[in-house]
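Asker: quick one, what's the 3D model for this:
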Amino acid sequence: MNEAMVTGRMGAEKKARGGRILQKSGLSASQIINLLYDRLISEGNADFLTDERPRDNAAWESAARFVDSLSVRQESRFDDMTKAQIRVERLKSRGLM
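Answerer: Residues are numbered from 1 along each chain as shown. The predicted model follows:
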């Protein structure tokens, strides 16, 4: 992958405060910038960065679906199994048991 650097300026205090929050979350500034660019590309605009609210119902519904999707629990056939049972199941599926 060909990489490029993005440079930005901000006050030292803002950088320090933001850095502490990122550290608590286990994230780096580079990861956050990449996530921001992913979102920009996905949305095709930077409207989500403004304080303006969507003006139509379709935009509100789209935003609500996005927020709801963040907390949807993905179900798995392993949900009701112990770790030992999961290991056995995986070994069986690979023909090792």
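Asker: how many neighbouring residues does L35 have?
Answerer: The tally of other residues near L35 (other CB atoms under 10 Å) stands at 11. Using the backbone N, CA and C atoms, a C-beta is placed for each residue, glycine as well.
Asker: and the contacts of the helix or strand it falls within?
Answerer: In this assignment (DSSP states H and E), L35 forms part of helix 29-43. The set of residues that contact helix 29-43 without belonging to it, under CB atoms under 8 Å, 6 or more residues apart in numbering, is 6, 18-19, 22, 46, 48.
Asker: repeat the analysis, applying 7 Å as the threshold.
Answerer: Helix 29-43 is touched from outside by 6, 22, 46, 48, with contacts defined as CB atoms under 7 Å, 6 or more residues apart in numbering.
Asker: stretch 10-26 too?
Answerer: 28-29, 32.
Asker: of those, closest to T82?
Answerer: Proximity of the contacts of stretch 10-26 to T82 (CB to CB) peaks at S28, which lies at 35.2 Å.
Asker: what's the burial count for the closest one?
Answerer: By other CB under 10 Å, 12 other residues sit near S28.
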